[in-house]
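Novice: Sequence and predicted model, in that order:
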Amino acid sequence: MDTQLNEEDKTTLLQWIGVEAPLSLLYKMSRDGCNPWTFHTKCDCKGPTITVMYNGNNTVYGGYTSQNWNSSSNGYFAWDQRAFLFKLRYNGKSVAKKYPIKADKCGYAIYCRNNYGPSFGESHDLPYFEKDISASNGVYQLNRCNYGNDSTTYIMGGDEEEAIYNNEASVRDLEYCQELKEYVQNFCPYEKTSVDKAKILLLGEVGSGKSSFFNTVNSIFAGFVTFQAISGSAQKSLTNTFRTYHIRDGKAGKMLNFKLCDTKGLEKEGGIDPHDFLYILDGNMPDKHMLNPDLPLSPETQGFVKSPSAKDKIHLVAIVIDATIVDVMTEESIETIKSFQKKLYQRGMISL
């Protein structure tokens, strides 16, 4: 059996995830060994990833998570509403079936522990390994799923649980692929703009996770968990300065060709001042400027950039929204975001 994804399989997976980016192979069991330590060394803190398994029944299946894998000594379940299981081939025939996570099971999407390989679901909904396993005639015998009375964490759509992996827990190979990191690593601004690094402003309500988003992106490329930006849960914005963060590819690697900018959150009182927001967009506000709603930035402020170049200006605004409260956002919150979007459109800018 061919133990690699064909182009049709890759296209199907990327359509399910909703991205157009090449897949990058991080870990391959037949090459790197069936060992939890090796798996975590190669795969922790890498962001969204795809796990693909190939068994002796010519069945190809696996799971996707948008969350990081981590080497926790105590073990924990990670929350992920975007996670899903999938089956691409069954007895050698193309089947392409996706199994989304149940709405009330998002808190059990994946299980992270230092002596486990990749594990999906509250009851290990796919075969998994929790120790070193040697191949026998090219086959690795993994642990079977343990559904018990709780069934699966994922919506089976009428299929039996074992139908995903064709009732065969042994695998000939397991691959762990990254769907976006390499694409971002190779990003370059359009050369005719004379901009060497794109500046992306993170905008959102207090508590939406702007600073946490930066910390996550920074951790993915650093290869370890970082907390460079102040983040947490509070009634008022924890970010009180305008910051421009560079992203380094690896501990001693080069700087990537984009920067993430963080500022105060949107709130009724004490949030980012609309005039300060325009100065940020236009490149007038210096890095590390202290944001004070009672003393907005002006051309007389020390450090004010009076003649900003294209490199100083914001090139894209990413609106960050807490997905857990999007259905209950107030009309006032929505109108506040729209009012700031309007200022972007007036400058011919776009937001994501």
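Specialist: Happy to help now that I have it.
Novice: Now residue 337: which helix or strand?
Specialist: For residue 337, the host element (DSSP states H and E) is helix 331-346.
Novice: Pull out the buried positions in that helix.
Specialist: 333, 336-337, 340-341, 344 (16 or more other C-beta atoms under 10 Å). Using the backbone N, CA and C atoms, a C-beta is placed for each residue, glycine as well.
Novice: For residue 308, which three-state class applies?
Specialist: Under DSSP: H, G, I helix; E, B strand; the rest coil, residue 308 falls in the coil class.
Novice: Please report how far it lies from residue 71.
Specialist: 44 Å (C-beta to C-beta, to the nearest Å).
Novice: who's more crowded, those two?
Specialist: Neighbours per residue (other C-beta atoms under 10 Å) separate residue 308 from residue 71, with residue 71 holding more: 17 against 14.
Novice: Surely the more buried one and residue 40 touch.
Specialist: Yes. Between residue 71 and residue 40 there is a contact under C-beta atoms under 8 Å: 4.4 Å.
Novice: joint contacts of those two?
Specialist: Residues touching both residue 71 and residue 40 (C-beta atoms under 8 Å, 6 or more residues apart in numbering): residue 114.
Novice: picking that back up, outside of the helix holding residue 337, which residues touch it?
Specialist: Contacting residues not belonging to helix 331-346 are listed as 203, 205, 266, 268, 274, 277-278, 281, 317, 319, 350-351 [C-beta under 8 Å, 6+ apart].
Novice: Tell me which two in those residues are the farthest apart.
Specialist: For the contacts of helix 331-346, the maximum inter-member distance is 26.2 Å, found between 268 and 350 (C-beta to C-beta).
Novice: Do you have the strands of the stretch 51-200 of the chain handy? List them.
Specialist: Using DSSP state E, counting those that start in this stretch, the strands found in the stretch 51-200 of the chain span residues 60-65, 76-78, 84-90, 93-100, 110-112, 119-120, 140-141, 170-171, 173-178, 198-204.
Novice: Would you mark the buried spots in the third one?
Specialist: Buried residues in strand 84-90, counting neighbours by 16+ other C-beta under 10 Å, are found at 84-90.
Novice: same question, the second one
Specialist: When neighbours are counted by 16+ other C-beta under 10 Å, the buried residues of strand 76-78 are found to be 77-78.
Novice: Can we start the residue count at 2 from this point?
Specialist: OK, 2 is where the count begins now, so the last one is strand 77-79.
Novice: hmm, who's touching it?
Specialist: Under C-beta under 8 Å, 6+ apart, the answer for strand 77-79 is 66, 68-69, 71, 108-114, 123.
Novice: ok, residue 205 to residue 243 distance?
Specialist: Counting by C-beta to C-beta, the separation of residue 205 from residue 243 is 15 Å.
Novice: meant to ask about residue 287
Specialist: Using C-beta to C-beta, residue 287 is found at 8 Å from residue 243.
Novice: Then residue 255?
Specialist: Relative to residue 243, and taking C-beta to C-beta, residue 255 is found at 25 Å.
Novice: where along the stretch 252-353 of the chain do the helices fall?
Specialist: Remark: helices assigned in the stretch 252-353 of the chain by DSSP state H, counting those that start in this stretch are 275-282, 332-347.
Novice: Which of the ones you listed has the lowest mean pLDDT?
Specialist: Note on the helices of the stretch 252-353 of the chain: helix 332-347 shows the lowest mean pLDDT, a mean of 87.
Novice: Okay, angle between that one and helix 275-282 too, please.
Specialist: Orientation check (axes from the mean of the first three to the mean of the last three C-alpha atoms, to 10 degrees): helix 332-347 against helix 275-282 gives 40 degrees.
Novice: measure residue 39 to residue 190 for me?
Specialist: According to C-beta to C-beta, residue 39 and residue 190 sit 37 Å apart.
Novice: Repeat that for residue 198.
Specialist: Distance, residue 198 to residue 190, by C-beta to C-beta: 7 Å.
Novice: Quick check: chain neighbours aside, which residue is closest to residue 275?
Specialist: Setting aside the residues directly before and after it, residue 275 is nearest to residue 344 in space (C-beta to C-beta, 6 or more residues apart in numbering), at 7.2 Å.
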